[in-house]
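[1] Using only what follows, build the 3D model:
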Amino acid sequence: MKLLSGKVAHQLDAKNRIRIPAKYKNAFPENEKLYYVEYAPDCISVMPESVLGERLTSFDEVNPGDPVMMNAKRRILCSIDEVAEDAQGRAQIPKSFREYAGLVKDVVTVGMGNYIEIWAQEKFENSVGSMTIEQANRVAYKKSSEQ
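    This next block holds a predicted model:
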């Protein structure tokens, strides 16, 4: 899979559908299912099945007798839904996901390496847009040097 990076500003249509920008859509593995995921706060993640599967492997050995872990598994799996595109390549974003991310009309799609995020444009600008690249590099390199 190609690196998913950059950002694209676009809009939901009147029926709350989105077209995944071509630069991202063409980078996902061909014929692999995509999923909406409540993964990070304030946005929706869109992950190919292979990436999502890797993230869910920690649940493979959950003890069914552990109610806390079982509830965590239920909550996470309930926050995933398949992306279903129509013949024109538009995908309906379910209401629960739109509400979770605060999506109304203007959105920004951001490449995150091996998945993408869909943000309400205003939330993205208020959250990420206020951080300079210098600040981002300091945080990223400090974290990676601590590991």
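[2] how far away is Ser58 from Glu38?
    17 Å (Cβ to Cβ, to the nearest Å). To be clear about C-beta, it is placed using only N, CA and C from the backbone, and glycine gets the same treatment.
[3] Compare these two and say which one has the larger neighbour count.
    Glu38 (18 against 12; other Cβ atoms under 10 Å).
[4] ok, the most centrally placed residue in the chain - contacts?
    In the chain, the centroid-proximal residue (Cα atoms, centre = their mean) is Ser45; its distance is 0.8 Å. Ser45 makes contacts with Tyr36, Val37, Glu38, Tyr39, Met112, Tyr115, Ile116, Glu117, Ile118, as judged by Cβ atoms under 8 Å, 6 or more residues apart in numbering.
[5] Scan those and report the most crowded one.
    Ile116 (28 neighbours).
[6] Need phi/psi at the residue with the largest distance to the centre of the chain.
    In the chain, the residue that sits farthest from the middle, by Cα atoms, centre = their mean, is Gly65; the gap is 30.7 Å. Per-residue torsions, Gly65: phi -80, psi 0 (degrees, to the nearest 10).
[7] How much space separates it from Lys73?
    13 Å.
[8] now swap in Glu117 and tell me
    Look at Glu117 and Lys73: by Cβ to Cβ, they are 23 Å apart.
[9] moving C-terminal of the helix or strand Ile118 falls within, what's the next helix or strand?
    Using DSSP states H and E, Ile118 falls within strand 116-120. As assigned by DSSP H and E, the chain's next helix or strand after strand 116-120 is helix 121-127.
[10] If you count contacts, what does that next one end up packed against?
    strand 106-111 (3 or more Cβ pairs under 8 Å, 6 or more residues apart in numbering; DSSP states H and E).
[11] just checking, what packs against the strand it packs on?
    Using 3+ Cβ pairs under 8 Å, 6+ apart, strand 106-111 sits against strand 7-11, helix 22-25, strand 116-120, helix 121-127.
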